[in-house]
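Visitor: Output the structure for:
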Amino acid sequence: MSDIITLTGVVATPPRSLTTSEGLAITSFRLASSQRRFDRTQEKWVEGDTNWYTITTFRQLAANSAVSVKKGERVVVTGRLRIRDWSNGEKAGTSVDIEADAVGHDLSWGTASFSRNTIAGPTESQQTSTAPVEVTTGEFPTAAEQATADGLASVGTFAGGGTRAGAGAGAGAGAGAGAGAGTGVGAGDEPETPF
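Guide: A predicted model of the protein is given here:
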């Protein structure tokens with residue numbers, strides 16, 4: 001049985017990357033996780049005990065982690081917990097490993113910039129673009145600008161001041177501030193600017 005766990009901590013070692021003979025990318029690093037608490041007697045924050053984990057990533061997550069994660073950075077990791085005892089004759093211990101499903105920077109401690117992976121040569125059934133979105137107004141792209149950059153089949157503006165982008169056949173109805181109908185698949189109207 002594997003338990004899912006989410007951790008926050010500091011990357012304690014430089015990530016080590018390798019690719020197996022079968023082409024499987026693997027990246028691993030050690031994570032130091034300690035909880036801070038406020039000590040009322042000392043009137044200050046104090047560090048608790050530190051727990052150590054070996055974080056292992058595979059495939060695309062491994063390739064992205066290898067170039068994105070550096071020693072000393074604070075990260076958030078979600079994955080499957082594996083606890084195993086080990087012995088090498090002289091020493092014995094317990095290893096706590098996490099097979100990561102997701103790794104990201106802890107934005108409570110700083111900022112990050114995200115770059116989407118590029119896809120080489122999409123097939124006919126896979127018409128998505130990873131090109132940067134050109135924003136004409138505001139800081140964030142509108143749904144229409146994002147849909148155009150992603151190569152979606154249709155973008156509609158609906159009564160009530162929202163847009164919805166969709167691909168493929170189907171009918172959608174607007175929800176929320178206004179009502180409308182149009183082609184595309186969506187969960188409701190989006191505002192022109194996400195924030």
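
Visitor: right, and Arg37 touches Gly48 too?
Guide: Yes - at 6.0 Å, Arg37 counts as touching Gly48 under the criterion of CB atoms under 8 Å. Quick note: C-beta positions are derived from backbone N, CA and C, even for glycine.

Visitor: Can you check which residues contact both of the two?
Guide: Counting by CB atoms under 8 Å, 6 or more residues apart in numbering, Arg37 and Gly48 have no common neighbour.

Visitor: buried stuff in stretch 11-27?
Guide: Across stretch 11-27, burial judged by 16 or more other CB atoms under 10 Å covers Val11, Ala12, Pro15, Ser17, Ala25, Ile26, Thr27.

Visitor: Which of these sits closest to Glu43?
Guide: The closest of the buried residues of stretch 11-27 to Glu43 turns out to be Ala12 (CB to CB; 29.3 Å).

Visitor: got a list of what that closest one touches?
Guide: Listed by CB under 8 Å, 6+ apart, the contact partners of Ala12 are Phe29, Arg30, Leu31, Ala32, Trp52, Lys71.

Visitor: now with 7 Å?
Guide: Counting by CB atoms under 7 Å, 6 or more residues apart in numbering, Ala12 touches Arg30, Leu31, Ala32, Lys71.

Visitor: Would you mind naming the residues that bridge with the second one?
Guide: Read it as Leu31. Val11, Tyr53 (DSSP bridges).

Visitor: Go through this protein and flag its longest helix.
Guide: Taking DSSP state H as the criterion, the chain has its longest helix at helix 59-68.

Visitor: Quick one: residues in contact with it.
Guide: Residues contacting helix 59-68 (CB under 7 Å, 6+ apart): Pro15, Ser17, Leu24, Ala25, Ile26, Thr27, Thr57, Ala100, Val103, Asn117.

Visitor: go with 6 Å
Guide: By CB atoms under 6 Å, 6 or more residues apart in numbering, the list of residues contacting helix 59-68 from outside reads Pro15, Ser17, Ala25, Ile26, Thr27, Thr57, Val103.

Visitor: circling back: show me which of the buried residues of stretch 11-27 is closest to Ala112.
Guide: Closest to Ala112, out of all of those and judged by CB to CB, is Val11, at 13.5 Å.
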